[in-house]
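K.L.:
need a structure here:
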Amino acid sequence: MVTVSWQLEVPRHRRAAVTHALAAAIGAAAPTAGSTVGYVRVEAGEEPVLFAVAPRVDLVAESALTVLARPTGHHLWVGLELGRFLGEAVDPNRPFDATEGELEGVLACGAVRCVLAVRSAPAGRRHRFLVELHGSRRAVGAVLRGSGPSRSELRALVTARRAAPATPKKSVKSRL
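P.N.:
Residues are numbered from 1 along each chain as shown. Modelled structure (predicted):
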């Protein structure tokens, strides 16, 4: 299993823009993630909330935007193998905390190609996103290639500096 992770810390005023860019990157990766993309909302000690969507960019990006709009949370997107069901990978009747061991179990069941985990929470005057992609080397590479252009936009947004305030122009009126 290969894990690729990113940690993004952005000023709170940029949280909405980063959320939109992150949702676009998740949507762009959907067609390469699997035949069906499952979503799992993780609440510590509680049963998970599951739903599955077709691996279409618009459907996955829209669902990602909806769930990432919450100020805090732990979310998983699961790329399923052809003909497999999300309930085979994650038991909806058992508490699921998405620990490293539980994610390895999800990947080992054979129904899952890759798992994208996103945690978001306020961090003082900033907002922190922790993004982790788990899967085989081949699956992780395919997802990263599929989300390339959207990841570039996200990178540019996160690393951009605020523009310096414009200096007022002095106007001189001539009486000639």
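K.L.:
list the contacts of residue 139.
P.N.:
If a contact means Cβ atoms under 8 Å, 6 or more residues apart in numbering, then residue 139 has 33, 79, 113-114 as its contacts. All C-beta atoms are positioned from the backbone trio N, CA, C, and that covers glycine.
K.L.:
among those, which ones are in helices?
P.N.:
Those of these mapping onto helices are residue 33, per DSSP state H.
K.L.:
now tabulate the contacts of residue 139 in JSON lines and tack on distance to residue 43, pLDDT and neighbour count.
P.N.:
Formatted as JSON lines, the contacts of residue 139 follow (distance: Cβ to Cβ, whole Å; pLDDT from 0 to 100; neighbours: other Cβ atoms under 10 Å):
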{"residue": "33", "distance to residue 43": "23", "pLDDT": "83", "neighbour count": "28"}
{"residue": "79", "distance to residue 43": "22", "pLDDT": "92", "neighbour count": "24"}
{"residue": "113", "distance to residue 43": "25", "pLDDT": "91", "neighbour count": "23"}
{"residue": "114", "distance to residue 43": "22", "pLDDT": "93", "neighbour count": "24"}
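K.L.:
quick one: which of the contacts of residue 139 sit in strands?
P.N.:
Those of these mapping onto strands are 79, 113-114, per DSSP state E.
K.L.:
of these, which is the nearest to residue 148?
P.N.:
Nearest to residue 148, judged by Cβ to Cβ, of those is residue 114 at 15.7 Å.
K.L.:
contacting residues for the closest one?
P.N.:
33-34, 78-79, 107, 133-136, 139-140, 143 are the contacts of residue 114 under Cβ under 8 Å, 6+ apart.
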